[in-house]
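3D, please:
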Amino acid sequence: MGGNIKIQSKLGEGSNFQIEIPFHEVEAPKVEHTPDQIPENYKSLNILVAEDNPVNQLYVKRILEKKGFQVTIANNGIELLKIIDDTIKNETKFDLILMDIQMPEMDGITATKLIRNRNDYVKEIPIIALTANNMDFQVQEYLGNGIDACVKKPIVLKDLLDILQNIIDR
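From the prediction side, this is the model:
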């Protein structure tokens, strides 16, 4: 490998170390897939996000739209159900719902139960909970009430995209 090490030292003053290591440039490895890449066929997915916090709304909307998803925001469970009903009339379909658990007017669990009790395609839409309340017993409660998966808050992009991909691939 080669190289040199030089040391100069003066009693009571300190030491100076000089290290010379020869190296040569190498080509960086080619990255074929990054964890936050979304397959092209997923980019046309229409996602409905129920979230009452404006900062979280903006964050989720931006990161999903940046990845190519179509995103609609609802401020609570009541608004989410109204948006779903309106889009059925327009023959628009949502492929996935991201549901905050704690929202005013109607929480995510209540909205999920109402969705799962419907008699149309809507009851089959995958629902992913967005929640800071992610203790094991809480997650089990969500799953037992019709939620398909959970993403903890604060939302980490890689975690969200991994769960989205797992749900979509089912």
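
buried residues in stretch 122-141?
Using 16 or more other Cβ atoms under 10 Å as the test for burial, stretch 122-141 gives 122, 125-131, 139. All C-beta spots, glycine's among them, are computed from the backbone N, C-alpha and C.

show me the beta-bridge partners of residue 46.
residue 70 (DSSP bridges).

my guess is it meets residue 64, correct?
No - Residue 46 lies out of contact with residue 64 (Cβ atoms under 8 Å); the separation is 10.6 Å.

ok, the two, which is more surrounded?
Shown here are residue 46 and residue 64; by other Cβ atoms under 10 Å, residue 64 has more neighbours (22 against 14).

mind listing what residue 57 touches?
Contacts for residue 57 (Cβ atoms under 8 Å, 6 or more residues apart in numbering) come out as 49, 51, 73, 75.

the buried residues of stretch 122-141 into a markdown table, with extra columns for pLDDT and secondary structure?
Putting the buried residues of stretch 122-141 into a markdown table (pLDDT from 0 to 100; DSSP: H, G, I helix; E, B strand; the rest coil) gives the following:
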| residue | pLDDT | secondary structure |
| --- | --- | --- |
| 122 | 93 | helix |
| 125 | 96 | coil |
| 126 | 97 | coil |
| 127 | 97 | strand |
| 128 | 97 | strand |
| 129 | 97 | strand |
| 130 | 95 | strand |
| 131 | 93 | strand |
| 139 | 94 | helix |
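
among those, which two are most distant?
Pairwise distances across those (Cβ to Cβ) peak at 23.3 Å, for the pair 122 and 139.

going along the chain, name the helices of this protein.
Listed in chain order, the helices found in the chain under DSSP state H are 54-66, 77-89, 108-116, 136-144, 157-169.

roughly how far apart are residue 13 and residue 166?
62 Å (Cβ to Cβ, to the nearest Å).

comparing these two, which residue is more hemmed in?
When neighbours are counted by other Cβ under 10 Å, residue 13 and residue 166 differ, and residue 166 comes out ahead with 13 against 8.

which residues touch the more buried one?
residue 149.

ok, residue 6 next?
Neighbouring residues of residue 6 by Cβ under 8 Å, 6+ apart: 17-20.

7 Å instead?
residue 18 (Cβ atoms under 7 Å, 6 or more residues apart in numbering).

what is it paired to in the beta sheet?
residue 18.

could you check the pLDDT of it?
For residue 6, the pLDDT comes out at 90.
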